[in-house]
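Visitor: this one's sequence-less:
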C-alpha cells in the first residue's frame, strides 16, 4: 500500500529535550516536506527536500532541522524544543514540488 | 495578494443541500488544482484534482475551474453530516524558478442533520 508513515503519532515532552519525528514514504517520491498546523494559521511549511541531500527552509524553519540521507526518509529534528513548538505536524511527499502531495497521519506534539 | 485564498467559514448547510466552496489563486501560470478534505485532528486527504477549464465530476463532488478568472470551486451535492470537515484548496505557485504546491487556509464546512 502506497503511504507516508510518521512516528510517533503523539508525543509529550519537556522544554529542551531533543526529539526526532520520523517520516517515511514508499512511493519513490523525490519531494518531501514538513508542515505544522495551528488553529487559524493553516498549513505552514517548515522544511522541504527536493531529493537526497537537498533540503531547504520553508516559511517557519526556526528551531527545526531536517536531513535527507535516503530517498524514502525525511526526519524532523527539534534539538531544543520550546512550548511554542506545540503543534500538529505533517509530513508529505510528492513526485515533484508542484504535484499533488500525500500526507502522513500526523504527529501531535506537546512541549511543556 | 495571498497566493491561494479561501473563505475561512464556517459554511453551514443543511443535510441534502449543495455546498459550494470557493478558491482564488494568484499565479496565472498554474496548470493543476487540487482539493483536500481534512477532518479535525486528521491529515489532509486528496479528494479532487482538475487540470482544464470546466467541470469535473466524481460522485457527489464537482470541481469547477475558470483559469481566466483564476477561480476554482468545489461543489458537494446532497451534503451529508459526514462531509463536515475543512476543505483545502491547493495550487502550484511559481516561486524561485519552480512551482511549489501552495495551500489555502481552508474553509470549514458544517452540515447539519
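Guide: Perfect, thanks for sending it. It should be emphasised that the depicted structure is a prediction, and the values quoted were computed from it without experimental measurement.

Visitor: where's the nearest residue to residue B:89 once chain neighbours are set aside relative to chain A, distance?
Guide: Leaving aside its chain neighbours, residue B:89 sits nearest to residue B:23 (3.4 Å; criterion: CB to CB, 6 or more residues apart in numbering or on different chains). Backbone N, C-alpha and C define where each C-beta goes, glycine included. Going from residue B:23 to chain A by CB to the nearest CB, to the nearest Å gives 13 Å.

Visitor: now swap in residue B:60 and tell me
Guide: As judged by CB to the nearest CB, residue B:60 and chain A stand 20 Å apart.

Visitor: Now do the buried residues in stretch A:68-88.
Guide: Residues of stretch A:68-88 classed as buried by neighbour count (16 or more other CB atoms under 10 Å in any protein chain shown): A:68, A:72, A:74-76, A:78, A:81, A:85-88.

Visitor: Kindly report the same for stretch B:83-96.
Guide: B:83-94.

Visitor: circling back to that earlier point, around the residue nearest to residue B:89, count how many other residues there are.
Guide: Neighbour count for residue B:23, taken as other CB atoms under 10 Å in any protein chain shown: 26.

Visitor: coming back round to it: relative to chain B, which of the buried residues of stretch A:68-88 is nearest.
Guide: Within the buried residues of stretch A:68-88, the smallest distance to chain B is 7.3 Å, found for residue A:88 (CB to the nearest CB).

Visitor: where does that closest one land in three-state SS?
Guide: Following DSSP: H, G, I helix; E, B strand; the rest coil, residue A:88 is assigned to strand.

Visitor: Could you measure from the spatially closest residue to it that is not a sequence neighbour over to residue B:102?
Guide: Nearest residue to residue A:88 in three dimensions, chain neighbours excluded: residue A:37, at 4.7 Å (CB to CB, 6+ apart). Computed as CB to CB, to the nearest Å, the residue A:37 to residue B:102 distance reads 15 Å.

Visitor: Many thanks, we can stop here.
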